[in-house]
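1. Fold the following and give me the result.
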Amino acid sequence: MDIQILFSKLDKLPTIPKVVQELIQTFNNDDADIVGIANKIALDPVISAKVLRLVNSAHFSRGKDVTSIEDAVIRLGFNTVRTLVMASGISSSFKHFDNFDQKAFWGNTFRVASISKSLAKQTSHAPDTAFTCAMLHNLGELIILIADTEEDEQRMSAKIEQGLSREEAEAQVLGFNYAEVGAELAKRWKFSDSFVHAIEDQLTPLSAETFNEDAGFICMASFFNHAWQQDWSEEEIEKHYNKALAIRLELSLSNILNAKEAMLEESKALSDLLN
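-> Predicted structure coming up:
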């Protein structure tokens with residue numbers, strides 16, 4: 001199947017709020033009108049309400065309650081507020097549908113995003129960019145689930161039961177995997193090429209024609225998310241984690257393990273308030 005055919009099966013392409021689209025542009029614009037954007041966020045009652053709930057939650061609160069988006073920007077900084085708006089806007093872009101555990105899906109997404117952000121903080125890379133890329137990393141799964149036929153889903157499930165990974169089963173049955181579908185969605189949402197490549201190259205970042213750090217963070221974060229959800233020991237993690245990728249990203253395993261609790265705490269705060 002051609003990936004364009006998959007998208008043609010959608011009744012309507014999921015859309016992100018206009019203010020989120022404008023925030024996307026600020027990643028490559030040092031002269032963005034932060035006050036103007038804050039005012040636009042405030043005009044979206046759903047997103048602004050969720051962001052204020054997040055800002056005043058136990059994880060993000062810093063004393064006196066914040067009552068406006070402008071105050072939130074002053075208190076937490078534009079990058080943090082932008083991160084919260086992106087998380088809220090992206091997670092609300094897909095409506096609930098049957099036979100799908102939405103809570104588990106977004107819980108997983110928030111964990112990978114929070115881990116990616118924390119990993120980027122341990123380097124010189126922008127943590128909010130890493131977070132946003134990771135928020136998009138598995139949206140291709142949703143597109144496949146929405147557009148896919150029951151027959152194809154059964155064929156993929158059978159292959160997974162035989163020992164194939166999800167992406168391997170998708171490639172064999174559909175001709176592409178969720179990372180490629182997610183990259184196509186990012187293109188249609190007008191994300192920059194850097195974001196598109198981060199999603200597209202996440203499964204094998206070291207094999208990409210041009211190395212993308214955010215793809216590397218997603219790959220590494222996905223590994224640690226899986227390991228921690230499976231309660232792997234530190235010995236098991238040290239045995240199986242991608243040492244070559246860690247070296248390329250200039251990451252230390254001990255620093256990652258020491259930051260585990262903070263990573264999972266932030267992801268839980270996001271999941272509890274947005275999920």
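
2. what about Ala32, how many neighbours?
-> Neighbourhood size, Ala32 [other C-beta atoms under 10 Å]: 16. Heads up, the C-betas are built off the backbone N, CA and C, glycines and all.

3. What distance do you get for the closest residue to it other than its chain neighbours to Pro205?
-> Closest residue to Ala32 apart from its sequence neighbours, by C-beta to C-beta, 6 or more residues apart in numbering: Thr26 at 4.0 Å. Thr26 sits 25 Å away from Pro205, going by C-beta to C-beta, to the nearest Å.

4. who has more neighbours, those two?
-> Pro205 (24 against 17).

5. show me what contacts that one?
-> Going by C-beta atoms under 8 Å, 6 or more residues apart in numbering, Pro205 touches Phe211, Asn212, Ala215, Gly216, Ile218, Cys219, Leu245.

6. List the residues that contact the nearest residue to Ala58 once chain neighbours are set aside.
-> Closest residue to Ala58 apart from its sequence neighbours, by C-beta to C-beta, 6+ apart: Ala269 at 7.3 Å. Contacts for Ala269 (C-beta under 8 Å, 6+ apart) come out as Leu54, Ser57, Ala58, His59, Phe60.

7. Give the residue spans of the stretch 151-275 of the chain that score low on pLDDT.
-> Within the stretch 151-275 of the chain, the ranges that satisfy pLDDT under 70 run 273, 275.

8. Which residue comes closest to Glu167 once chain neighbours are left out?
-> Asn177 (3.9 Å).

9. correction: Leu274
-> Using C-beta to C-beta, 6+ apart, the closest residue to Leu274 is Ser91 (5.3 Å).

10. sorry, back to before: max pairwise distance over the contacts of Ala269: which two?
-> Leu54 and Ala58 (10.6 Å; C-beta to C-beta).

11. Between the two, which is the more surrounded one?
-> Higher neighbour count among Leu54 and Ala58: Leu54, with 26 against 8, using other C-beta under 10 Å.

12. Verify the stated contact: the more buried one with Ser61.
-> No. In this structure, Leu54 is not within contact of Ser61 by C-beta atoms under 8 Å, at 9.5 Å.

13. In contact with the residue nearest to Ala208 when sequence neighbours are not counted, which residues?
-> Distances taken as C-beta to C-beta, 6+ apart put Asp201 closest to Ala208, at 4.0 Å, once the chain neighbours are dropped. Listed by C-beta under 8 Å, 6+ apart, the contact set of Asp201 reads Ala179, Ser207, Ala208, Asn212, Ala215.

14. buried residues in the helix or strand where Asn39 lies?
-> Under the criterion of DSSP states H and E, Asn39 resides in helix 34-43. The neighbour-count check on helix 34-43 (16 or more other C-beta atoms under 10 Å) flags Ile34, Ile37, Ala38, Lys40, Ile41, Ala42 as buried.
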